[in-house]
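**Student:** Dropping the sequence and predicted coords here.
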Amino acid sequence: MAENEVFRELATLVTESRNPDTFGIDIMSTEEIVRLINREDHKVPPAIEKEIPYIIQAVDIISTAFKHGGRLIYVGAGTSGRLGVLDAAECPPTFGSDPGMVQGIIAGGFSALTRAQEGSEDKYEQGCIDLKGKMITPKDVVCGIAASQRTPYVIGALEEAKKIGAKTIFIICNPREKVKVDVDVAICPVAGPEVIMGSTRMKAGSAQKMVLNILTTSSMIKLGKVFENMMIDLQQNSKKLIERSKKIIMIAADVTYEEAEFYLNSAKGHVKSAIIMAITKLDIGVVGVLLEKNEGFIKKALLEWQKNK
């Protein structure tokens with residue numbers, strides 16, 4: 001695409017527009033600057049709320065893929081890419097998911113996580129190549145993240161995913177009519193121009209992060225990785241998480257700290273099993289079978305136990 005074409009395209013994007021409410025920010029007091037940024041940030045949740053019907057579609061696509069052995073692969077550049085990698089990295093410790101289940105690809109590779117690689121976002125073919133490197137199959141879901149919607153690297157990956165037959169999701173922060181790539185679901189929270197023109201690490205970045213949180217958290221809930229409102233597949237890879245696991249068992253099974261510790265050890269660190277053991281007094285083998293029959297859902301497993309005891 002010639003430079004003038006890129007210029008014309010950027011000129012039409014909300015995320016590249018000047019914000020009329022922040023023209024005087026450069027001569028404001030510290031308090032005025034902070035309050036103005038905060039007021040602008042309040043526009044993000046309502047923008048996401050308008051996209052709930054599309055977010056629901058995306059969650060159903062992702063959770064269905066997970067249930068059939070598929071993966072969620074995020075693809076982005078710059079801030080968008082870092083947010084995808086971050087969300088992917090947070091899933092295993094929070095939900096006990098396999099590290100390969102949710103993955104992030106960022107334009108420019110690993111080094112782009114800590115140092116901007118701006119030119120890498122323009123490489124359409126590299127997006128295709130990097131996605132192929134993940135050995136994508138029709139079971140997988142590829143989620144492109146691009147505030148502007150025009151990022152060639154991301155579009156390349158999405159179009160490659162479509163050729164393979166994978167489901168595709170696109171998260172952008174411009175109106176839906178700006179989406180120029182064929183995807184299964186587009187999620188388009190538009191929170192208006194940034195406080196600083198074009199600085200999409202701000203409102204657009206916040207909107208993207210919030211949407212990613214909803215996508216993976218909702219999908220993991222639908223896999224039985226949450227009991228009531230507590231994470232029950234977390235990994236105990238720190239002292240904090242070990243103690244959090246005990247607290248969850250105490251609350252869920254109404255047992256003492258010592259009992260929670262006993263059941264956690266008996267379940268070899270598997271919180272979900274420990275909860276059921278503490279409630280039912282069944283041994284670990286029986287609990288494992290019960291959970292497997294009920295697709296990992298504690299409440300379903302307990303209902304079956306209640307019926308058969």
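**Tutor:** Ah, there it is.

**Student:** what bits of the stretch 1-150 of the chain have low per-residue confidence?
**Tutor:** 1-3, 6-11 (pLDDT under 70).

**Student:** where do the strands sit along the stretch 51-200 of the chain?
**Tutor:** 72-76, 102-106, 141-145, 167-171, 185-187 (DSSP state E, counting those that start in this stretch).

**Student:** I'd assumed residue 76 was in contact with residue 88.
**Tutor:** No. Using CB atoms under 8 Å as the test, residue 88 is too far from residue 76 to be in contact (10.9 Å). (C-beta placed from N, C-alpha, C; glycine too.)

**Student:** returning to what we had before: comparing the strands of the stretch 51-200 of the chain, which comes out most buried?
**Tutor:** Most buried of those, by mean neighbour count (mean count of other CB atoms under 10 Å): strand 141-145, with a mean of 30.

**Student:** Counting by contacts, list what it packs against.
**Tutor:** helix 52-67, strand 72-76, helix 78-95, helix 152-164, strand 167-171, helix 203-221 (3 or more CB pairs under 8 Å, 6 or more residues apart in numbering; DSSP states H and E).

**Student:** Quick check: the residue nearest the centre of the chain vs residue 103, distance?
**Tutor:** With distances taken as CA atoms, centre = their mean, residue 212 lies nearest the centre of the chain, 3.1 Å away. Per CB to CB, to the nearest Å, residue 212 is found 13 Å from residue 103.

**Student:** what sits in contact with each of these two?
**Tutor:** Listed as contacting both residue 212 and residue 103 by CB atoms under 8 Å, 6 or more residues apart in numbering are residue 74.

**Student:** surely the residue nearest to the centre of the chain meets residue 80?
**Tutor:** No. Taking CB under 8 Å as the definition, residue 212 is not a contact partner of residue 80, at 9.8 Å.

**Student:** Need the overlap of contacts for the two.
**Tutor:** What both residue 212 and residue 80 touch, as defined by CB under 8 Å, 6+ apart, is the set 145, 171.

**Student:** burial of residue 253, as a residue count?
**Tutor:** Other residues within reach of residue 253, judged by other CB atoms under 10 Å, total 18.

**Student:** For residue 199, give me phi and psi.
**Tutor:** Dihedral pair for residue 199: phi -80, psi 80, per degrees, to the nearest 10.

**Student:** anything in contact with each of residue 88 and residue 76?
**Tutor:** Common contact partners of residue 88 and residue 76 (CB under 8 Å, 6+ apart): residue 104.
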